[in-house]
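**Q** give me a model of this one.
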Amino acid sequence: MSKIMIGKYEGTIYPEGNGFTGAVSLGFGADGRRQRLKRKGKTKTDVKDKLIEAVKDLELGIKSPERYTVGEAVTDWLTSGLKDQSERTVDTLRRLAEKHVIPKIGKAKLKTLRADDVDKWLEGLKAVLSTSTIHRVHSILKRAIRHAEARDMVGRNVAELVTAPKGKTGRPSKALTFAQATAVLEAAESSGLHAYIVLSLMTGVRTEEARALQWDHVVAWVPGEGWQPVTKVGFDHQRFAIYVWRADRVGGDTKTPTSRRTLEVPAQVGAALRRHHARQAKQKLRAGKAWQEHGVVFSTRTGTPKDAANVRKSFQRITASAGLDGTWTPRELRHSFVSIMSAYGVRIETIADLVGHAGTRVTESVYRLQLSPEITQGAEAMNEIFGSREKSA
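**A** Next up is the predicted model:
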């Protein structure tokens, strides 16, 4: 039996089984019983090194078990560290963690994890994941270890010391040409997604803004009264606008404060929304007691908000019917809006105002109800662009 000193603690190392066991005396607990810290190893040196590390953890207040793994830390974070996140966000993070984090680096002991281990893991992902996805899974590891660090389970967050590499090049966003946009609009006419596509293409709203649009944020111009909700004054009017004040995001707000804007919509959008409102009223009657009122413009057959995945699938069926490939996504309607407006000669400053980009002078007044000239130009331009198509048809 060998006696040792580790800091201020006395200890011993003695043979046991096929190796050695070390014990450090920590004094006596409140119950009067002696407290010991034990570690095992194949050699005396292994045991001593483990005891030194254990005493260091003790003095730092770290209390995780020696075998606590990265996978356990990630699972604990997913279980209790995301209380302010939406269910959809948690599901997304869980899928990424279970596919790219836990199976590939989860078996590593959290206490012995090194920056080199994280580097090697991320390097193994760059051939299969896009840069943005690599940043997301790296963030999962950093946040999980930060969660463990806050609970005295580890002394430092080595994932914070590593820079994520660039991943594989993702598919660049596309924009519909005028001819393609016309074909998509025609293919969508009999679809329940028609008004959604018309609105997105002709106003440039983000897809999450369209999904969150409420009927009381669709307004009509009433002479002498100004803009009034269609829920109050109906659709028997000439001019319509939308308040882009919400988005299908955590908290329900738009992407940035300057994304909040009011847009007068082209005549085709007003007409599509009028037909869509009538169609939704019929769906509500058919659904009866199953209808759940949420006040959203684009709802399911039972009144609940449309899910992003379902919108994407429906849109891809429509683009396929229009003779395009099946890789188009709803967000590319926004790119198409910018492309078509730019090709028509609309100033880039005006386009930035219309799509709600940060830093534009029009969107600085985020609650303005009076539409400025820049905001109405989008409707005027789209009326001319797609109105000319109707006249020539």
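**Q** quick one, phi/psi of residue 31?
**A** Residue 31 adopts backbone torsions of phi -90, psi 0, taken as degrees, to the nearest 10.
**Q** quick one, grab the pLDDT at it.
**A** With respect to pLDDT, residue 31 scores 79.
**Q** tell me how many other residues crowd it.
**A** Applying other Cβ atoms under 10 Å, we find 6 residues neighbouring residue 31. For every residue, glycine as well, the C-beta is placed using N, CA and C.
**Q** same deal with residue 79?
**A** A count of nearby residues for residue 79, using other Cβ under 10 Å, gives 11.
**Q** quick check, it in a strand?
**A** No. If the criterion is DSSP: H, G, I helix; E, B strand; the rest coil, then residue 79 is helix and not within a strand.
**Q** contacts only, for it.
**A** With contacts defined as Cβ atoms under 8 Å, 6 or more residues apart in numbering, residue 79 is in contact with no residue.
**Q** now with 10 Å?
**A** If you count contacts by Cβ atoms under 10 Å, 6 or more residues apart in numbering, residue 79 has them with 90, 94, 147.
**Q** which one among those residues gets closest to residue 73?
**A** Distance to residue 73 across these (Cβ to Cβ) is lowest for residue 147, with 7.2 Å.
**Q** and the pLDDT for that closest one?
**A** As summarised for this prediction, residue 147 has a pLDDT of 93.
**Q** what ranges do the helices span in the stretch 101-250 of the chain?
**A** Using DSSP state H, counting those that start in this stretch, the helices of the stretch 101-250 of the chain run over 102-105, 115-123, 131-150, 178-188, 194-203, 207-212, 230-233.
**Q** show me the shaky parts of the protein.
**A** Applying pLDDT under 70 to the chain flags the ranges 1, 57-65, 247-259, 357-378, 388-393.
**Q** the strand or helix carrying residue 15: how far from the chain's middle?
**A** Assigned by DSSP states H and E, residue 15 falls within strand 9-16. Mean-position distance between strand 9-16 and its chain equals 52 Å (Cα atoms, centre = their mean, to the nearest Å).
**Q** by contact count, what packs against the helix or strand following it?
**A** The helix or strand immediately downstream of strand 9-16 is strand 19-28, counting by DSSP H and E. Judged by 3 or more Cβ pairs under 10 Å, 6 or more residues apart in numbering; DSSP states H and E, the packing partners of strand 19-28 are strand 2-6, strand 9-16, strand 34-41, helix 44-60.
**Q** which residue packs closest to residue 156, ignoring adjacent ones?
**A** Excluding the flanking residues, the one nearest residue 156 by Cβ to Cβ, 6 or more residues apart in numbering is residue 149, at 7.0 Å.
**Q** burial count for the one you found?
**A** Residue 149 has 17 nearby residues by other Cβ under 10 Å.
**Q** coming back round to it: redo the helices and strands packed on strand 19-28 as TSV? Include distance to residue 68.
**A** Listed next are the helices and strands packed on strand 19-28 as TSV, based on distance: least, Cβ to Cβ, whole Å:
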stretch	distance to residue 68
strand 2-6	21
strand 9-16	22
strand 34-41	15
helix 44-60	11
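**Q** pipe the ones you listed into CSV and attach mean neighbour count per row.
**A** Converted to CSV, the helices and strands packed on strand 19-28 look like this (neighbours: other Cβ atoms under 10 Å):
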stretch, mean neighbour count
strand 2-6, 13
strand 9-16, 16
strand 34-41, 15
helix 44-60, 17
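**Q** out of the contacts of residue 79, which are buried?
**A** Among these, those classed as buried by 16 or more other Cβ atoms under 10 Å are 94, 147.
**Q** between the contacts of residue 79, which is nearest residue 188?
**A** residue 90 (33.0 Å).
**Q** mind checking which helix or strand the closest one is in?
**A** helix 87-96.
**Q** any idea how far that helix is from the chain center?
**A** Counting by Cα atoms, centre = their mean, helix 87-96 is centred 9 Å from the centre of its parent chain.
**Q** same check, this time on stretch 190-204
**A** Its chain's C-alpha centre and that of stretch 190-204 lie 23 Å apart, by Cα atoms, centre = their mean.
**Q** CA atoms of stretch 311-329 as CSV?
**A** Extracted C-alpha coordinates of stretch 311-329, given in CSV (Å, rounded to 0.1, in the frame of the first residue of the first chain):
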residue,chain,number,x,y,z
VAL,A,311,-47.3,24.0,-47.8
ARG,A,312,-44.0,22.9,-49.3
LYS,A,313,-45.4,19.5,-50.5
SER,A,314,-48.5,21.2,-52.0
PHE,A,315,-46.4,23.8,-53.7
GLN,A,316,-44.1,21.2,-55.2
ARG,A,317,-47.1,19.3,-56.7
ILE,A,318,-48.3,22.6,-58.3
THR,A,319,-44.8,23.4,-59.8
ALA,A,320,-44.7,19.9,-61.2
SER,A,321,-48.1,20.4,-62.8
ALA,A,322,-46.8,23.6,-64.3
GLY,A,323,-44.0,21.6,-66.0
LEU,A,324,-41.2,22.6,-63.6
ASP,A,325,-39.0,20.2,-61.6
GLY,A,326,-40.0,19.2,-58.1
THR,A,327,-37.3,21.0,-56.2
TRP,A,328,-38.9,24.4,-56.0
THR,A,329,-39.8,25.7,-52.5
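**Q** can you list contacts of that stretch?
**A** Contacts for stretch 311-329 (Cβ under 10 Å, 6+ apart): 171, 173-174, 176, 180-194, 196-197, 200, 207, 210-211, 248, 298, 306-308, 330-333, 335-336.
**Q** buried subset of those residues as a ChimeraX selection?
**A** This is how ChimeraX selects the buried members of the contacts of stretch 311-329, with burial counted by 16+ other Cβ under 10 Å:
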select :174,176,180,181,183,184,185,187,188,192,193,194,196,197,200,207,210,211,248,298,306,308,330,331,332,333,335,336
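**Q** what comes up buried for the helix or strand that contains residue 311?
**A** Using DSSP H and E, residue 311 sits within helix 308-321. Neighbour-count burial for helix 308-321 flags 308, 311, 314, 315, 316, 318, 319 (criterion: 16+ other Cβ under 10 Å).
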